[in-house]
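[1] missing the sequence, but the structure's below:
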């Protein structure tokens, strides 16, 4: 079966002063990302954003993250919000704030979210300093939870993936709560060294496991795969990691040995591309699991930067087949430096023949745009 993108079009700016959603009333003038969090019980879709500002030029009322409820995907292919989760002042509130300290913790950014047994979770990375080399930028990856549908959040301190052991700052952050207060029972850092899992996108395998598509080094490494049982999502020691494919089957192991193998590069990638922020859906029309990402290295020897879709017949991969959708600086969309294509099964039409993305941009406007993709197969 051959697959091509038949239609690729701009459907408007999602947020901010020029957006089709009125987000300014929540003091949201500039945002990026938009990771989906789907509550299957209430059939509600939320979107989690990264650094949030009152204006689109990175000014005023900086929050490390924010969250909105989606109302609908309308007939124009635009993602209409119901509201931002907000404070009494009608301001989009932060879920887990970063310290906003240079060379300490600049910010704290969501990397993926999921609902498990009525509890909302999101994974995040703690950024030490943007200007360092990619493999040195992170403090850690972590997990937050909410038991009241996103109104309040707390850190799950045990689920921490340290970038390295040379930053005392990271260990301090690992051992404080969501209000920057030290926790009572300190976590021993050595077993939490796990560079490859500082950025995690979770996906419900509908088989009792949450599958974890992970990247370390901030857009500079291929994707690794892990999983954890629903009931164990808050237990770091119960996380399992893909160590090999055997007769087409993915083999997982937990513990220090598996983490060491991963650290030494002795495990397979679930996707070989240098991954930026990603999202994943099962596309019923294509009968494929599809990862959307921007990358400057889709596979070995290929450095054509752009927006890509990687495909696999199974959730656990490997994701070898891909389609290039657009160049990274695409004049058709009038944006420079696109990143973080976000979508969800509920943001599709015609069984996935039509897919709608939130695609972030750095300039000229710090707000996501909506992109419509129509696929054709033969």
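    In hand now; what should we look at? These numbers were taken from a predicted model, which means no experiment stands behind them.

[2] Counting neighbours, what do you get for residue 172?
    By other CB atoms under 10 Å, 15 other residues sit near residue 172. For glycine as for every other residue, the C-beta is placed from the backbone atoms N, C-alpha and C.

[3] Show me what the helix or strand harbouring it is packed up against.
    Here residue 172 sits within helix 168-174, counting by DSSP states H and E. Packed against helix 168-174, as judged by 3 or more CB pairs under 8 Å, 6 or more residues apart in numbering; DSSP states H and E, are the following elements: strand 138-146, strand 161-162.

[4] Using neighbour counts, pick out the buried residues of stretch 290-302.
    290-295, 297-299 (16 or more other CB atoms under 10 Å).

[5] Quick check: end-to-end length of it?
    20 Å (CA to CA, to the nearest Å).

[6] So for it, mean pLDDT?
    For stretch 290-302, mean pLDDT is 90.

[7] residue contacts, the residue lying closest to residue 300 once chain neighbours are set aside?
    In space, and not counting its chain neighbours, residue 300 is closest to residue 272: 6.7 Å by CB to CB, 6 or more residues apart in numbering. Contact analysis of residue 272 by CB atoms under 8 Å, 6 or more residues apart in numbering lists 222, 298-300, 318, 320.

[8] tell me the most buried of the helices and strands packed on helix 168-174?
    Most buried of the helices and strands packed on helix 168-174, by mean neighbour count (mean count of other CB atoms under 10 Å): strand 161-162, with a mean of 27.

[9] Relative to residue 327, how far out is the residue nearest to residue 300?
    Applying CB to CB, to the nearest Å, the value for residue 272 to residue 327 is 20 Å.

[10] How about residue 312?
    Using CB to CB, we find residue 312 at a distance of 24 Å from residue 327.

[11] quick one, which of the two is more surrounded?
    Ranked by neighbour count (other CB under 10 Å), residue 312 and residue 327 place residue 312 first, with 18 against 14.

[12] Please verify my assumption that the more buried one contacts residue 286.
    No: with contacts counted by CB atoms under 8 Å, residue 312 stays clear of residue 286, the gap being 10.9 Å.

[13] Now tabulate the contacts of residue 272 in CSV and tack on distance to residue 107.
    CSV is the format used below for the contacts of residue 272 (distance: CB to CB, whole Å):
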residue, distance to residue 107
222, 24
298, 28
299, 31
300, 32
318, 32
320, 34
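
[14] Any chance of those in a markdown table with distance to residue 212 and secondary structure as columns?
    Listed next are these as a markdown table, based on distance: CB to CB, whole Å; DSSP: H, G, I helix; E, B strand; the rest coil:
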| residue | distance to residue 212 | secondary structure |
| --- | --- | --- |
| 222 | 14 | coil |
| 298 | 22 | coil |
| 299 | 22 | strand |
| 300 | 24 | coil |
| 318 | 15 | coil |
| 320 | 20 | coil |
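
[15] which one of those residues sits closest to residue 13?
    The shortest approach to residue 13 among those belongs to residue 298, at 27.5 Å (CB to CB).

[16] wait, doesn't the closest one sit right on residue 319?
    No: counting by CB under 8 Å, residue 298 stays clear of residue 319, with 10.5 Å between them.

[17] Now do the shared contacts for those two.
    Shared contacts of residue 298 and residue 319, defined by CB under 8 Å, 6+ apart, comprise residue 310.

[18] pLDDT weak spots in the chain?
    134, 331-336 (pLDDT under 70).

[19] So which residues of it form helices?
    Remark: helices assigned in the chain by DSSP state H are 168-174, 256-263.

[20] contacts for the last one?
    Judged by CB under 8 Å, 6+ apart, the contacts made with helix 256-263 from elsewhere in the structure are 191, 193-196, 224, 240-241, 243, 252, 267.

[21] ok, of those residues, which come out buried?
    Those of these that meet the buried threshold are 193-196, 224, 240-241, 243, 252, 267, by 16+ other CB under 10 Å.

[22] Please tabulate these in a markdown table, including the columns distance to residue 214.
    Conversion of these to a markdown table gives the following (distance: CB to CB, whole Å):
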| residue | distance to residue 214 |
| --- | --- |
| 193 | 14 |
| 194 | 9 |
| 195 | 10 |
| 196 | 6 |
| 224 | 5 |
| 240 | 12 |
| 241 | 9 |
| 243 | 14 |
| 252 | 13 |
| 267 | 11 |
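
[23] now, which of those sits nearest residue 34?
    Among the buried ones among the contacts of helix 256-263, residue 224 lies closest to residue 34 (CB to CB), at 23.4 Å.

[24] Pairing partners for that closest one in the sheet, please.
    Counting by DSSP bridges, residue 224 is bridged to residue 214.

[25] Residue 201 is in contact with that one, correct?
    No: the pair residue 224 and residue 201 fails to qualify as a contact (CB under 8 Å) at a distance of 11.4 Å.

[26] what's the overlap in contacts for those two?
    Common neighbours of residue 224 and residue 201 (CB under 8 Å, 6+ apart) are 213-214.

[27] Can you give me the neighbour number for residue 147?
    Using other CB under 10 Å, residue 147 has 12 other residues around it.

[28] rewinding a little: return every residue with contacts to both of residue 312 and residue 286.
    By CB under 8 Å, 6+ apart, no residue touches both residue 312 and residue 286.

[29] Look up how far residue 268 lies from residue 357.
    For residue 357, the distance to residue 268 (CB to CB) stands at 28 Å.

[30] Check residue 283 too.
    23 Å.

[31] same check, this time on residue 1
    25 Å.

[32] who has more neighbours, these two?
    residue 268 (16 against 7).

[33] give the contact list for that one.
    Contacts of residue 268 (CB under 8 Å, 6+ apart): 242, 244-245, 318.
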